[in-house]
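**Q** Dropping the sequence and predicted coords here.
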Amino acid sequence: MLERRIRTQIRAKEHQFAAVVPRELVGVCRREMEQLGLNILEESEAGVEFRGKLEACYRANLWLRTASRVLCRLPAMKVGAREELFAKTTRLPWELWLDPHVPVRVDVFLSASRLAHTEWARKAFQDAMRKRFEGVGAGISFVEPAPSNEPAVAEEEAAGQRIVVRIEHNRCRISLDTSGAHLHYRGYRVKHVGAPLRETLAAALVLQSGWKPPEPFLDGMCGSGTAVIEAALLGGKIPPGRRRRFLFQRWPSFQEKTWQYLLKKADQGVQKVAPARFIAVDRDPKAVAVARENAVRAGVAPWVAWHTMPFEKLDPRDLGLPPGLVFLNPPYGVRLPADRGLYARLLHHLGRCFAGWKAIVLAPERDLLVSGLVRPRKVKRLRHGGLSITAGFYDF
C-alpha cells in the first residue's frame, strides 16, 4: 500500500526543484542547467527553479558544478495562524517523502506574516510532522538548528534531513533538502593546506574564463589542488558528484535503478585526457603532496604534471605548452594581508612569459589586479566564506 502511494504520488509526478546558488553565480549555473536539459522555470532569490521528475533532481545533484544544493519544493499553502500551519502540515504525506529514521532539522523564516514568532511556528510544524508519523505507526526525531549568531555544524558532518519553512505574506513554502552535505563537498578533498578555495567557486571561475579543453590548464599556486582538480573533472567530463552520497538516496522514493543508470551513463562519457595538459605548481612541497593525494582520490592524478617551484620561475615555453589558462590564487585572508609586491611580480611574469594565454587572478582588493600596463579585461566581485574577493580575468 505504502509503496503504491510512493509510486503514484511521488515517483510518477513532476515536482518543482531549486538549484541554490549565490546571486553572482546564477548565470553560470543556469547555463549548466540548460546544457543538462533541465526544464528551467525561473530565477528566484534561492537561485534557479526547475521542474521534473525525481530523475531530474538526481541529475542536478550529480552534475551541477556551481550549485550549493538542490531543494525540492512542496506546493505552497496559505497559512495565517499557528493552528492553520499545524492542520495543513499534518495533512501532508510525510511518510511518502521522508525516512522516519533520519532526524529532521526544521529552519523557519517569517516575513510580513501574521505568524510572528519563529519558535512557535517551528513547534507547530514539528508537532504536526510528529502527529502524521504517529498516525502511520512511526516515530520521528528532530535536531535543533544552529543559533543565528553561531556557525552551523559543518555540512559534511550533518546527517539529518533539513526542511526549510518560509512564510511570507501568509504564504508558506516548504522545501526539502535533497543534497545533504553542501555540493562543494565532492568527496576528494580530505586534506588541505591553508584556506582552500571552495570547489563550486573554483568551477564557476573556470567555466567563466573561456577556457576550452584540451587547452592546457596551469594552476600556478595550487595549494590543496582544488582549481586544477576541478578543471580536470571538467575536461574529462567527470560529474563532480560521482564520489559522494546524497540525501535523496535515503528517501523512501529513491530509485536505485535510475541512479545506477545515471552513474553508468556518466562513466561511459568520461573522456581520457592527455598527460600534462593540467599543470600544478607550488613552492611548498607539502602543498604539492596534498594536492596530489586529492587528485588521486578524484581520479585525475595521471592527467596532472606536478612541479615544486615558485610560479615566477616557470616558463610554459620550457614545457612546450601551447597557450591555455593560468589560475592564480595567492595567499591572503583576514589575518594575512595581501602582498602587493607579490601581485606585481606575478602580473609582470604573466605579461612577460604567457603571451597568448588567458589568466584568472584572485585578490582581496581590486587595485592589486593592476600593475603597469597589465590590466584585467573584466573583474568580478565574489563571496568566499566570510571574505569578499575579486577575480580578474586577463587575455595576454
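**A** Yep, it's here. These numbers come from a predicted model, not from an experiment.

**Q** tell me, how many neighbours does residue 316 end up with?
**A** Neighbour count of residue 316, defined by other C-beta atoms under 10 Å: 19. Quick note: C-beta positions are derived from backbone N, CA and C, even for glycine.

**Q** ok, now how distant is it from residue 349?
**A** With distances taken as C-beta to C-beta, to the nearest Å, residue 316 is found 11 Å from residue 349.

**Q** how about stretch 71-85 as PDB, C-alpha atoms only?
**A** C-alpha atoms of stretch 71-85 as PDB (Å, rounded to 0.1, in the frame of the first residue of the first chain):
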ATOM      1  CA  LEU A  71      15.900  21.700  -2.900                       C
ATOM      2  CA  CYS A  72      12.600  20.000  -3.600                       C
ATOM      3  CA  ARG A  73       9.600  22.500  -3.300                       C
ATOM      4  CA  LEU A  74       6.300  21.200  -1.900                       C
ATOM      5  CA  PRO A  75       3.200  23.000  -3.100                       C
ATOM      6  CA  ALA A  76       2.700  26.400  -1.400                       C
ATOM      7  CA  MET A  77      -0.200  26.900   1.000                       C
ATOM      8  CA  LYS A  78      -1.900  29.800   2.700                       C
ATOM      9  CA  VAL A  79      -1.200  30.000   6.500                       C
ATOM     10  CA  GLY A  80      -2.500  32.800   8.700                       C
ATOM     11  CA  ALA A  81      -2.200  31.200  12.200                       C
ATOM     12  CA  ARG A  82      -0.300  28.600  14.100                       C
ATOM     13  CA  GLU A  83      -3.300  26.300  14.200                       C
ATOM     14  CA  GLU A  84      -3.700  26.500  10.500                       C
ATOM     15  CA  LEU A  85       0.000  25.700  10.000                       C
END
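
**Q** Would you mark the buried spots in it?
**A** Using 16 or more other C-beta atoms under 10 Å as the test for burial, stretch 71-85 gives 71, 72, 73, 74, 77, 79, 82, 84, 85.

**Q** ok, these vs residue 280, which is closest?
**A** residue 71 (34.7 Å; C-beta to C-beta).

**Q** The closest one looks like it's in a strand, true?
**A** Yes - per DSSP: H, G, I helix; E, B strand; the rest coil, residue 71 lies within a strand segment.

**Q** list the contacts for the nearest residue to residue 304 once chain neighbours are set aside?
**A** Closest residue to residue 304 apart from its sequence neighbours, by C-beta to C-beta, 6 or more residues apart in numbering: residue 278 at 4.5 Å. The contact partners of residue 278, taken as C-beta atoms under 8 Å, 6 or more residues apart in numbering, are 216, 217, 218, 219, 228, 231, 232, 235, 300, 303, 304, 305.

**Q** can you check residue 26 too?
**A** Listed by C-beta under 8 Å, 6+ apart, the contact set of residue 26 reads 43, 47, 48.

**Q** since we're on the last one, how many residues are nearby?
**A** Using other C-beta under 10 Å, residue 48 is surrounded by 25 other residues.

**Q** Name the SS class of residue 26, please.
**A** Per three-state DSSP, residue 26 ends up helix.

**Q** Ignore what I typed, I meant residue 162.
**A** Applying three-state DSSP: residue 162 is strand.
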